[in-house]
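Enquirer: Got a sequence here, can you model it:
(one chain, ligands or ions: 1)
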Amino acid sequence: MRELVSTGCRVLAANGHSDLVWGHLSARDPDGRGVWLKRAGLGFDEIGPDDVQLLSWDGELLAGQGPVHLEHHIHIEVLRARRDVAAVVHSHPEAAVALAATGLALQPVGHEATFFTPPDVPRFDRTGDLIRTSELGAEVAGVIGPHNAALLVNHGVVVAESSVERAVFGAVVLEKACRAQLLAVSAVGADRLIASPDEEALAKRERCYSARQVSLGWQYLVRSLPGPAAAGVTS
Ligand SMILES: [Zn+2]
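Expert: Predicted coordinates:
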């Protein structure tokens with residue numbers, strides 16, 4: 001898990017999710033002990049296997065080194081609420097934060113948004129401040145509900161998926177989707193946006209983001225990382 005989470009962190013760094021030392025990726029411990037989470041104090045691009053910690057379901061550090069992210073509650077509460085979710089990304093990517101601040105629904109301007117919508121990505125707007133308690137983490141999990149992502153208005157994104165590979169892939173395409181929509185809206189205004197209708201978007205989700213396509217996309221993201229070959233290429 002340490003190898004996979006650290007590889008995922010580096011993929012996020014290389015694809016629009018770096019925000020200095022903030023943002024995190026987690027994975028459910030296969031043995032049920034808790035959550036494997038990137039440590040605090042380092043950027044996504046700096047994370048190696050030794051920088052991934054094991055936290056208990058109470059947020060206690062069971063293994064690993066360094067400080068624990070204050071917002072670990074997001075990961076623990078989403079993973080606690082959703083047995084089908086195995087990995088969670090929380091980050092502060094610019095285009096997604098900007099789109100959330102417009103109040104516009106996410107629309108399929110290209111392929112990417114169809115990974116999420118329809119229906120629209122839910123919004124957490126109780127606070128734009130840090131998710132620093134288990135209660136707030138549980139509220140975020142409640143907003144996500146059965147969906148695979150939420151926008152935290154004036155804050156960032158959460159992507160919840162069935163594997164590290166899918167969570168990271170989802171986070172990458174979510175940011176691309178938001179950027180494309182902002183570009184289109186900037187050019188013609190929200191009222192003149194041309195986007196795929198729901199039926200087409202759902203068909204594209206099956207075709208463009210089948211399990212095989214997502215796996216191939218993830219493998220490309222890992223191959224394209226700077227530096228020596230990373231874990232996860234063959235997964
Ligand atoms: Zn945050």
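Enquirer: mind listing what's buried in stretch 24-35?
Expert: 24, 25, 26, 27, 28, 29, 34, 35 (16 or more other CB atoms under 10 Å). For glycine as for every other residue, the C-beta is placed from the backbone atoms N, C-alpha and C.
Enquirer: what about that stretch, average pLDDT?
Expert: Average pLDDT, stretch 24-35: 98.
Enquirer: State the pLDDT value of residue 234.
Expert: 49.
Enquirer: Ok, residue 227 next?
Expert: 75.
Enquirer: can you confirm it is in a strand?
Expert: No. Judged by DSSP: H, G, I helix; E, B strand; the rest coil, residue 227 forms no part of a strand; its state is coil.
Enquirer: how much space between it and residue 14?
Expert: 10 Å (CB to CB, to the nearest Å).
Enquirer: okay, these two: which has more neighbours?
Expert: Neighbours were counted for residue 227 and for residue 14 using other CB atoms under 10 Å; residue 14 has more, 17 against 7.
Enquirer: I'd like to know how far that one sits from residue 182.
Expert: 21 Å.
Enquirer: Residue 138 too?
Expert: 31 Å.
Enquirer: what do you get for residue 42?
Expert: Residue 42 is 29 Å from residue 182, by CB to CB.
Enquirer: what's the answer for residue 11, then?
Expert: 22 Å.
Enquirer: now do residue 170
Expert: On the measure of CB to CB, residue 170 and residue 182 end up 19 Å apart.
Enquirer: More neighbours: the two, which one.
Expert: Higher neighbour count among residue 170 and residue 182: residue 170, with 23 against 18, using other CB under 10 Å.
Enquirer: Residue 24 reaches residue 70, doesn't it?
Expert: No. Applying CB atoms under 8 Å as the test, residue 24 and residue 70 come out as separate, 10.0 Å apart.
Enquirer: Need the overlap of contacts for these two.
Expert: Common neighbours of residue 24 and residue 70, using CB atoms under 8 Å, 6 or more residues apart in numbering, are residue 40.
Enquirer: Just the endpoints, please. Distance across stretch 147-164?
Expert: End-to-end distance for stretch 147-164, by CA to CA, to the nearest Å: 16 Å.
Enquirer: and stretch 154-163, which residues are buried?
Expert: Residues of stretch 154-163 classed as buried: 155, 156, 157, 158, 159, 160, 161, 163 (neighbour count, 16+ other CB under 10 Å).
Enquirer: next one: stretch 195-205
Expert: Those would be 195, 196, 201, 204, 205, for stretch 195-205 by 16+ other CB under 10 Å.
Enquirer: could the residues you listed be laid out in TSV, adding distance to residue 95?
Expert: TSV is the format used below for the buried residues of stretch 195-205 (distance: CB to CB, whole Å):
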residue	distance to residue 95
195	16
196	19
201	19
204	20
205	20
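Enquirer: Just those: which are in helices?
Expert: In helices, defined here by DSSP state H, the members of those are 201, 204, 205.
Enquirer: could you measure the first one against residue 113, distance?
Expert: It stands for residue 201. Distance from residue 201 to residue 113, by CB to CB: 7 Å.
Enquirer: Then the last one?
Expert: In this structure, residue 205 and residue 113 are 10 Å apart, going by CB to CB.
Enquirer: for residue 166, same thing?
Expert: For residue 166, the distance to residue 113 - CB to CB - is 16 Å.
Enquirer: Perfect, I'm done here.
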